[in-house]
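Trainee: Predicted model and sequence follow; I will ask about them next.
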Amino acid sequence: MTETNFTWIETHYKIAEYLSTKENDQKGLIQLLKSIGVGPFRDKSMEGKEYDIDLEEIDPFTFFCYLHKYSSTRLTYIKALAKKIGVPEPQDNNGLPTANAQRVWMFPPKYQRTNNEIARLWDFFRKARNGNLSDKEFKDVLTIKNVAITKLTESLFYIDPKNNLPINNPIQSYLKTEFGIDPKIKTYSDYTSLLEEIKAKINLPFYQISHDAWVWKEANNGTPNPPKPDEVSEPAEEQESSDEKKKQLDYSLNTIFYGPPGTGKTYHSLKRAAEIVAGRKLDSYDEAIKIYKENLHDTIELITFHQNYSYEDFVQGLRPDVENDSHLTFERKDGIFKVMADRALKNLKDYHEPEKRKKTFEEALKQFILPLEESEKEEIEMKMKKVSYFITAASDKAIDFRKASGGTAHKLSLSTLRKMYDEESTLGMKGLLGYYDPLLEELLKIGKDSSAKKQEVVKKNYVLIIDEINRANISRVFGELITLIEEDKRSHGKRPMELILPSGDKFIVPSNLYIIGTMNTADKSIALLDIALRRRFDFEPMFPVYAIEGAIIHDTDVLLKLNEGIIKTKGYDFQIGHAYFMDEENNLIKRMNRKVIPLLLEYYMNDEREVKALLQNAGLIVDEDKWPLQISGRKE
């Protein structure tokens, strides 16, 4: 493999050179990362609190880790950064390890930063670039919380890939298995000695070795012959940052994608849902959509919150019984959250405690009413405690019966009966219990075949996607169940919690039900979101990007200029998403006049002067005599 395959190397050296002049402008570095769509940047002011304040300082290694936190988008981010600071754009990321997305920082939260941690990291950065590191500096930096040997050597590789090698899990396995090199290190002297041994035994550049180790790991199905626990230099969780497939599927049970409109929140939520139910990383979006469609209304459901959405819609409430043609009655109706929770919980229970196969409700009912359909009987007697009633017919909606005393015809709801059959319970019903109970007993006798073998059940993951999750009143929608979605309080968590719904039904959130929300920050800032929701969800930012591998974003210079102006006047939450600039037609005037300008006028409350200034600053020609504002083209 030639050096032309490692176009990122020059870019990384240039970025490191750029960072060397920015120690006194750390807020500017954070703003720079935000401008290319990287984040989040929230800090913690005290123990026990959420991340409640903005991050205001950063070291150069953490800067690089932010760029490399997601394998699927990092090349896009690096290209966008390179364009902004005027350095060569890379075309590949061969051999570059991915940073652990859950542990990006090389320093602790603010309330724990008590010993100049970030200043010490900047000093370490300067000495590393100048070749002046020693055991003293290496040992000192390793005492900073969140710094470990794997992470530190990866960071040294980011800034100087010709003279450093990341000592992560793939490299350790590769060196030990293929070359008999012991990768265990504790000090900087150990590290430099290891590098000299590698140079002597492997006549290749370090960046080539890093890439070869990753290729070798993939060819050998992940981590063949990994080092034993006593042979590695740090805890396993610190060494798995390059195990991308495992990391990509280590998804939180509760996630919210947030960002301005047009940044791919729904796009990514559908792909994430497909990956969760498939149990693997999906590189093809077409494959993801195919899996999504195949599982929709089974293991995947999609809903959209709105201002009138309520607990009765989401969990459980009363609805008119439209199947009763004789008089108005109400029935208990489960909302989508309870439906999905019940569906997922049944799968978990069947997986852990396999039961003998039970016929479907439709199969059992068909067998029960067969004598009526074939005219063997005119009616079927159902014995109650004291008297009987007689089933006379069955339709798609109900079962008709007459009482022994005669009188008007009566009906039993098939939807209610189906639910009872699935739950093998009368669900706390009172009024008509005497009529449902004997019928349910007969159906279960038919449905449960004592001679059947136990059925093997495959454990599945279920996903509920909630689009526009911030548009509803969260307290009103989730009610008392907001606590139950926490991972440790789910069915198979450390502290499972079960509640009784107002109807008397027991309810618990299963551990195989994932909740994915999308949130438009232009509609409601994340800072204003219900605190109960914020602390129970992981938030993944979706901000504009200016290059996507395998896709075309048109007029990126216009988009970038527009967003730079918006950030200065309105903030990051109101940027224009790159999706607006990915239309197949590639008509700038039509796109701006029909989509972007109306959005800008909404953002700026129809302030013509403000919007016109943004458009002109982006190099666009504004028609002076038209309202609403329109453009006629670009400036030469």
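Mentor: Cool, the structure landed. Numbers count the residues shown, from 1 in each chain.
Trainee: all contacts plus neighbour counts: C-alpha atoms, from now on.
Mentor: Noted.
Trainee: Helix, strand or coil: sort out Asn563 for me.
Mentor: helix (DSSP: H, G, I helix; E, B strand; the rest coil).
Trainee: surely it meets Ile576?
Mentor: Yes - contact criterion Cα atoms under 8 Å: Asn563 and Ile576 qualify, at 6.4 Å.
Trainee: Report pLDDT for Asn169.
Mentor: If you check Asn169, the pLDDT there is 87.
Trainee: again with Val232
Mentor: 31.
Trainee: Ser284 too?
Mentor: Ser284 is given a pLDDT of 88.
Trainee: for it, phi and psi?
Mentor: phi -100, psi 130 (degrees, to the nearest 10).
Trainee: how near is it to Lys271?
Mentor: Applying Cα to Cα, to the nearest Å, the value for Ser284 to Lys271 is 9 Å.
Trainee: higher neighbour count, these two?
Mentor: Neighbour count, other Cα atoms under 10 Å: between Ser284 and Lys271, Lys271 has more, with 22 against 9.
Trainee: Locate the more buried one within the secondary structure: which element?
Mentor: Using DSSP states H and E, Lys271 sits in helix 265-278.
Trainee: Which other helices and strands does that helix contact?
Mentor: The contact analysis (3 or more Cα pairs under 8 Å, 6 or more residues apart in numbering; DSSP states H and E) places helix 265-278 against strand 254-259, helix 285-295, strand 462-467, strand 513-520.
Trainee: tell me which strands and helices the next helix or strand along the chain from the third one is in contact with?
Mentor: Meaning strand 462-467. Following strand 462-467 in sequence order, the next helix or strand is helix 474-478 (DSSP H and E). Here helix 474-478 touches helix 311-314, going by 3+ Cα pairs under 8 Å, 6+ apart.
Trainee: and the helix it packs on, how far out from the chain's middle?
Mentor: Distance of helix 311-314 from the chain centroid (Cα atoms, centre = their mean, to the nearest Å) equals 24 Å.
Trainee: repeat for stretch 74-91
Mentor: The answer for stretch 74-91 is 25 Å, by Cα atoms, centre = their mean.
Trainee: Output it as PDB, restricted to C-alpha atoms.
Mentor: What follows is stretch 74-91, C-alpha atoms only, in PDB (Å, rounded to 0.1, in the frame of the first residue of the first chain):
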ATOM      1  CA  ARG A  74     -15.500  11.600  10.900                       C
ATOM      2  CA  LEU A  75     -14.100  11.900   7.400                       C
ATOM      3  CA  THR A  76     -16.900  14.400   6.700                       C
ATOM      4  CA  TYR A  77     -16.000  16.400   9.800                       C
ATOM      5  CA  ILE A  78     -12.300  16.400   9.000                       C
ATOM      6  CA  LYS A  79     -13.000  17.600   5.500                       C
ATOM      7  CA  ALA A  80     -15.200  20.400   6.700                       C
ATOM      8  CA  LEU A  81     -12.600  21.500   9.300                       C
ATOM      9  CA  ALA A  82      -9.800  21.400   6.700                       C
ATOM     10  CA  LYS A  83     -11.900  23.600   4.400                       C
ATOM     11  CA  LYS A  84     -12.500  26.100   7.200                       C
ATOM     12  CA  ILE A  85      -8.900  26.400   8.400                       C
ATOM     13  CA  GLY A  86      -7.400  26.200   4.800                       C
ATOM     14  CA  VAL A  87      -5.500  23.000   4.900                       C
ATOM     15  CA  PRO A  88      -5.600  20.000   2.400                       C
ATOM     16  CA  GLU A  89      -8.800  17.900   2.600                       C
ATOM     17  CA  PRO A  90      -8.200  14.200   3.100                       C
ATOM     18  CA  GLN A  91      -9.800  11.500   1.000                       C
END
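Trainee: Can you list the buried residues in it?
Mentor: Buried residues in stretch 74-91, counting neighbours by 16 or more other Cα atoms under 10 Å, are found at 74-82, 87-91.
Trainee: Now, the residues you listed that are in helices?
Mentor: Among these, the members falling in helices (DSSP state H) are Arg74, Leu75, Thr76, Tyr77, Ile78, Lys79, Ala80, Leu81, Ala82.
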